[in-house]
Each structure stands twice: as structure tokens, then as C-alpha cells.
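In: Got a sequence here, can you model it:
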Amino acid sequence: MSEAEVRDAITRVHQEEWARVIAGLTRRFGDLDIAEEAAAEAFAIAVERWPAEGAPPNPGAWLTTTANRKAIDRIRRENKRDDKYKEAQMLSGDDPPEPLGAIDDERLRLIFTCCHPALAMETRTALTLRMVGGLTVPEIARAFLVQESAMGQRITRAKAKIKAARIPYRVPSAEDLPGRVSGVLAVLFLVFNEGYLATGPDTDPVRHDLTAEAIRLTRLIRALLPEDGEVAGLLALMLLTEARRTARVSATGELVTLGDQDRGSWDSVLIAEGHQLVRERLATGVAPGRYQILAAINAVHTSARDVRDTDWSQVVALYDQLVRLDSSAIVVLNRAIAVAELDGPEVALAAVDRLEEKLAGYHAYHATRADLLRRVGRSQESRAAYGEAIELAGNTAETAFLIRRRDQLG
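Out: A predicted model of the protein is given here:
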């Protein structure tokens with residue numbers, strides 16, 4: 001086995017085993033810091049040893065055993081967790097299995113466990129993305145549009161609050177699920193987004209492993225909470241977005257915008273399922289939430305056989321509805337993109353320019369502004385805006401697209 005093959009194996013095992021190892025350590029030692037650090041040490045040892053020695057026959061068991069040893073070593077060094085150390089030395093097979101609660105899937109159970117209502121929504125989302133979603137601090141920071149140092153401090157403070165307040169990280173019961181589901185959906189939405197358009201320059205531009213896992217877990221939540229409209233809305237949104245995955249990056253590794261994608265290559269099965277979910281929610285007559293409206297917008301896009309057939313008036317109307325629920329600058333920016341198709345780029349540009357203070361560090365703001373400036377003939381300003389977007393963008397396919405559009409201006 002070559003070094004590259006071993007590293008690929010480690011990556012696959014990390015994706016498959018991370019949540020399980022963390023969950024087991026958290027249950028055994030009752031400490032998130034120990035769980036996270038012991039698992040990280042085990043994976044670091046694997047990266048160091050496996051390229052030379054080869055991957056073990058059962059990588060998951062090896063990682064679990066190594067992580068448990070590292071956790072015990074740390075407890076022994078600190079000399080202040082005697083009771084938990086004795087518990088860890090007991091044969092796990094002699095203990096009765098811990099009740100699973102309402103959720104059978106280990107990763108989903110851990111996400112619900114981490115999304116504790118005692119923490120602020122943004123804090124629990126960030127902590128869960130780090131602990132369970134497997135996202136790095138830089139990736140989480142980019143998702144929240146904050147500095148990496150600020151996000152690191154937020155996660156550290158969350159762990160400190162858990163310890164200080166003695167927040168119990170127990171397996172949630174069926175009665176707990178409705179109170180935690182909004183946080184869980186936020187986590188899965190951000191995990192999906194990182195897969196849909198990866199923010200790091202050292203990863204694939206589209207990470208199917210993340211989008212597929214987010215969809216899998218959302219399907220499980222749908223089975224648990226079939227009457228929750230936002231669960232259905234998020235699943236529909238993911239399916240309609242995932243349906244376009246193979247058309248989003250060209251053979252040369254460049255991002256392909258929605259208007260230029262080969263719609264014949266879209267996954268018709270996923271689109272049909274997404275449309276059915278949207279129709280079911282509309283039929284209830286209940287006022288839709290954020291994810292349901294985003295799904296409806298995607299349904300309009302995926303209903304058009306050609307970009308020229310897109311019902312932009314309906315898209316703008318849906319964004320108007322969304323703004324009443326979520327008036328964040330990113331939602332207003334996305335609405336402006338639709339307005340440009342309905343009312344012209346000049347109207348949209350005026351709306352985008354008002355967002356500069358809030359979105360100056362967001363690459364999509366500068367990319368949108370660059371395109372609008374190009375369309376109104378302000379080439380020099382457009383070129384400068386493309387430069388800002390290129391500087392801030394991390395996705396390699398998106399960067400390649402932006403560079404080509406900038407260079408076309410001459």
C-alpha cells in the first residue's frame with residue numbers, strides 16, 4: 001500500500017469513524033475536551049504510522065483502542081478523575097448497554113446531544129460542527145463570516161460553559177427532539193453547504209462525502225419528525241441542490257454557474273423527490289419557514305428547462321417572503337441577484353452597494369458586485385471587484401471562474 005493510498009484510507013476512516021469514536025469517549029469519560037483531544041491524537045498517530053506500517057485490518061477498532069488509551073493517559077496525568085478512570089478500566093462488555101433513546105443512528109444521536117438548548121444557537125451550532133461534523137475551525141469561521149480566532153474563542157468558551165454549568169450531555173429522549181431540532185438542522189445545513197461549495201483551498205471544490213452525509217441524516221430526522229415542515233424543507237433544499245452537483249464543475253475544474261449548467265445532466269430522480277416535498281408542504285397551508293422557502297426557490301430554478309424560462313418574478317416574491325423571516329445581509333444579497341434578472345442590473349447594484357459595510361469580507365458580495373458592474377459597462381470597477389472576490393475566495397473551482405471572468409474584461 002502506497003503512502004497516498006494509506007492517507008486516503010485514513011481520510012475515509014476519519015469520515016466514517018470520527019463521530020463514533022467521539023461518542024464512545026464522551027459517554028465513557030463524560031468530558032468533551034478529553035474525547036476530542038484523544039480522538040485527534042489517535043488520528044495523528046495513524047497519519048504518522050500507517051504510511052510506514054500499513055493500515056491495520058480493522059482501522060476503526062484500532063482508532064477506538066488508541067483513543068481510549070490516550071484518554072486514560074491524560075486522566076492519569078491530571079490525577080483528578082479517579083472515578084472515571086476506574087470506570088474506564090471496567091470491561092465494557094460487563095456493563096448493560098446504554099439506552100439509545102429515540103435515535104438509533106450514532107452520529108445523529110450525538111448531534112442532537114451536542115445541540116443543547118442551554119447554549120446559544122450559534123454557539124451550539126459551531127461546537128457541534130467541530131465535534132461531530134468534522135469541520136475545521138477555519139471552515140466554521142468562514143461559514144459564520146467571522147475571524148478564525150474569534151470562532152476558536154467561541155468554541156473554547158462553549159466548552160468552558162459546559163463544564164462550569166455542568167450541562168448534562170445525555171442521550172435525548174423523544175420529548176427532547178422538537179426543542180433541539182432547529183439547532184440540528186442548522187448544523188446539517190452548514191455541513192451540506194461546506195460540501196456543496198468547499199471553502200478551503202486544499203480540498204476538492206465539491207465534497208460529495210459531506211453533502212451525502214447531510215442528506216442521509218436529514219432523511220433520518222424526517223422519519224423521526226414527519227410533521228415538521230422545516231425538516232421536510234431542508235431535505236427538499238438539499239435534494240434539489242445535490243441534483244445539480246455533477247454539472248457544477250467543468251472538466252477543467254472551473255465552477256459552472258446556474259445559468260450555464262447542462263440541465264440535461266441534472267439528477268431527475270432527486271429533483272422529482274424535492275418537488276414532491278415542496279408540493280406537500282404547500283398543500284398544508286401552513287406558513288412556511290426559512291428552509292421551506294429556500295426549497296421553493298430551488299424548485300422554481302429546477303422547474304425551468306432553460307435559464308430563460310425561469311420565473312424570476314416568483315423567485316423575487318419568494319425572496320421577499322424570506323426577507324420577512326430572515327433579513328440577514330446574505331439573504332438580501334441573494335435577493336438582489338434575482339432582482340437583476342427581473343428589474344435589471346442597475347436596480348440590483350444599488351441594493352448590493354448598500355451591503356458593503358456588512359459583507360466587505362465575503363467573497364460572494366464582491367463577485368456579485370463585479371458581475372453587476374460588468375453588465376452595466378463599468379469594466380474597470382468590475383475588474384477591481386473581481387480582484388477582491390479572488391483574494392477572499394477559497395474554493396479552487398470558484399477562484400478559477402472568477403479569474404477567467406476578470407481576465408475577459410481586458
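In: CA only for contacts and neighbour counts going forward, please
Out: Fine.
In: what's the distance between the spatially closest residue to residue 208 that is not a sequence neighbour and residue 210?
Out: Nearest non-adjacent residue to residue 208, counting by C-alpha to C-alpha, 6 or more residues apart in numbering: residue 195, 6.0 Å away. Distance, residue 195 to residue 210, by C-alpha to C-alpha, to the nearest Å: 5 Å.
In: can you list the residues that contact the helix or strand hosting the residue nearest to residue 208?
Out: Counting by DSSP states H and E, the element that carries residue 195 is helix 177-196. Helix 177-196 is contacted by residues 111-112, 115-117, 121, 124-126, 128-129, 133, 135, 139, 143, 206-212, 214-215, 217-218, 231, 234, 238, 242, 245 when judged by C-alpha atoms under 8 Å, 6 or more residues apart in numbering.
In: go on, stretch 137-155?
Out: 123, 126, 127, 129, 130, 190, 194, 199, 200, 361, 362.
In: tell me which strands and helices the helix or strand that contains the first one is in contact with?
Out: Think residue 123. Per DSSP H and E, residue 123 falls inside helix 121-131. If you count contacts as 3 or more C-alpha pairs under 8 Å, 6 or more residues apart in numbering; DSSP states H and E, helix 121-131 packs onto helix 106-114, helix 137-144, helix 148-165, helix 177-196.
In: Now do the shortest one, average pLDDT.
Out: The average pLDDT within helix 137-144 is 75.
In: got the angle for that helix vs helix 177-196?
Out: 110 degrees (axes from the mean of the first three to the mean of the last three C-alpha atoms, to 10 degrees).
In: could you give me the average pLDDT of the strand or helix carrying residue 51?
Out: Taking DSSP H and E as the criterion, the element that holds residue 51 is helix 32-53. Averaging pLDDT along helix 32-53 gives 73.
In: pLDDT weak spots in the stretch 51-200 of the chain?
Out: For the stretch 51-200 of the chain, the stretches flagged by pLDDT under 70 are 73-104, 131-134, 145, 162-171.
In: just to revisit the earlier point, next, the angle from the helix holding residue 195 to helix 121-131.
Out: In terms of direction (the same axes, to 10 degrees), helix 177-196 departs from helix 121-131 by 60 degrees.
In: just to revisit the earlier point, which positions in the helix holding residue 51 come out as buried?
Out: By neighbour count on 16 or more other C-alpha atoms under 10 Å, the buried set for helix 32-53 is 32-43, 46-47, 50-51.
In: Make a markdown table from the contacts of stretch 137-155 and add neighbour count to it.
Out: Below are those laid out as a markdown table (neighbours: other C-alpha atoms under 10 Å):
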| residue | neighbour count |
| --- | --- |
| 123 | 21 |
| 126 | 27 |
| 127 | 28 |
| 129 | 26 |
| 130 | 18 |
| 190 | 23 |
| 194 | 23 |
| 199 | 24 |
| 200 | 17 |
| 361 | 19 |
| 362 | 18 |
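In: quick one on the thing from earlier: name the residues of whichever helix or strand comes after the helix holding residue 51 that come out as buried.
Out: Using DSSP H and E, the next helix or strand after helix 32-53 towards the C-terminus is helix 59-78. For helix 59-78, the neighbour count (16+ other C-alpha under 10 Å) marks 59-60, 62-64, 66-68, 70-72, 74-75 as buried.
In: Could you tell me how far residue 381 is located from residue 253?
Out: Distance check for residue 381 against residue 253: by C-alpha to C-alpha, it reads 27 Å.
In: correction: residue 393
Out: For residue 393 relative to residue 253 (C-alpha to C-alpha), the value is 15 Å.
In: the more surrounded of these two?
Out: The neighbour count for residue 393 versus residue 253, taken as other C-alpha atoms under 10 Å, is higher for residue 393 (23 against 16).
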